[in-house]
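Next comes the sequence, and after it the predicted model I'd like to discuss.
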Amino acid sequence: MADDKYIRNRNLWRKSYPIGIPRRPPVIANLYDEITQTSYSLDLQNTIRHRDYYKIQIQISGAAIPAVILGEYDEDLIHFNNEDLKSYSFNFSFSNTPYVVYSMNSPDGAQPNTENLNIYGVSKNTTGGVVGLSAPFSGTIRYRAGYAPSFPYYFTGSAASIGPTILPATVFRASFGSDMPNNVSYFTASWAPLAGSPSELYQSPYDDNGNFDGNTYVEPQTGSLTNSSIIDELSAHMSSSIYFMAVE
């Protein structure tokens, strides 16, 4: 009678033995990647791990937001004491000659009626300028000066002695520019387009052509304002520059 150990453990006495894990039937999964919009198949028996694709959005809490690149801007008052011509200095030196516009700020108590006073630029450079008036005046005139490599551009108030009055102390977007009428009494001033009609528009004639016609009143025509232009009526024919600042 044969030893029963040969009967119970026949595989131990075989001349060949199975090596590795027996192959299992393939399990095919058809998948679709929404990001790349491609279809593909996977044998799940040969894939150790598989996860669905997801769109990942990363939000960094507390990360600093990149600063807006600002143009150069200055705004301040020019004080007149029964004068019709005044030189002034900016609060800093511009890297290039800026565009400068003027507006009436406030007369003193002795000169309450200034409606017919014309303000015009005479000259300007990177450190300041000269402004003229059509009559002697006591009070203050406000200048607004800006420079940027292109327009429209972002600015913020930078005056040392006062806060800006165009907007609160925050960033604003504006186009500066200049154009020259050709001995006409109606003129279209144009600037780099803004997103909409300007919330503020300042225009100043200049006596920069040596022909003494800068002392001209500029009257914007009602209903002609667009995001990039306005039609002006001039009190006299002129061939000197008009500078403007359009605030978005």
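Yep, that arrived. Model, not experiment: these values are computed from the prediction.

So for residue 44, what's the pLDDT?
Note for residue 44: predicted pLDDT of 65.

For residue 96, the count of nearby residues, please.
Using other CB atoms under 10 Å, residue 96 has 10 neighbouring residues. Glycine gets a C-beta too; all of them are placed from N, C-alpha and C.

do residue 91 as well
Using other CB under 10 Å, residue 91 has 14 neighbouring residues.

is it fair to say it lies in a strand?
No: going by DSSP: H, G, I helix; E, B strand; the rest coil, the assignment for residue 91 is coil, not a strand.

Quick check: phi and psi at it.
Phi and psi for residue 91, reported as degrees, to the nearest 10, are phi -80, psi -10.

hang on, it packs against residue 73?
No: using CB atoms under 8 Å, residue 91 is not in contact with residue 73; the gap is 10.2 Å.

beta partners of residue 83?
Applying DSSP bridges to residue 83 gives these bridge partners: residue 137.

Can you classify the closest residue to residue 122 other than its chain neighbours as helix, strand or coil?
In this structure, residue 122 finds its nearest non-sequential neighbour in residue 130, 4.1 Å apart by CB to CB, 6 or more residues apart in numbering. Counting by three-state DSSP, the backbone at residue 130 sits in strand.

Model confidence at residue 130, what's the number?
Reading off the model, residue 130 has pLDDT 96.

wait, what's in contact with it?
By CB atoms under 8 Å, 6 or more residues apart in numbering, the contact set of residue 130 is 85, 86, 87, 88, 121, 122, 123, 124.

hey, where'd the helices end up in the chain?
For the chain, applying DSSP state H gives helices covering 4-8.

Show me where it dips below the pLDDT cut-off.
Scanning the chain for pLDDT under 70 picks out 1-24, 31-38, 40, 42-68, 106-115, 158-170.

looking at the sheet around the residue nearest to residue 73 when sequence neighbours are not counted, what are its partners?
Leaving out its chain neighbours, the residue that sits closest to residue 73 by CB to CB, 6+ apart is residue 155, at 4.0 Å. Taking DSSP bridges as the rule, residue 155 bridges to residue 172.

Against residue 27, how distant is residue 155?
Distance from residue 155 to residue 27, counting by CB to CB, to the nearest Å: 65 Å.

Do I have it right that residue 135 meets residue 119?
No: at 10.8 Å, residue 135 does not count as touching residue 119 under the criterion of CB under 8 Å.

Tell me the bridge partners for the residue nearest to residue 122.
residue 87, residue 123.

ditto for residue 176
Counting by DSSP bridges, residue 176 forms beta bridges with residue 245.

how about it, what does it touch?
Residue 176 touches 98, 99, 146, 147, 148, 151, 191, 243, 244, 245, 246, counting by CB under 8 Å, 6+ apart.

again, only using 10 Å
Counting by CB atoms under 10 Å, 6 or more residues apart in numbering, residue 176 touches 71, 73, 98-101, 144-148, 151-153, 155, 191-192, 202, 243-247.

Scan the contacts of residue 130 and report the most crowded one.
Highest neighbour count within those: residue 121, with 25 neighbours (other CB under 10 Å).
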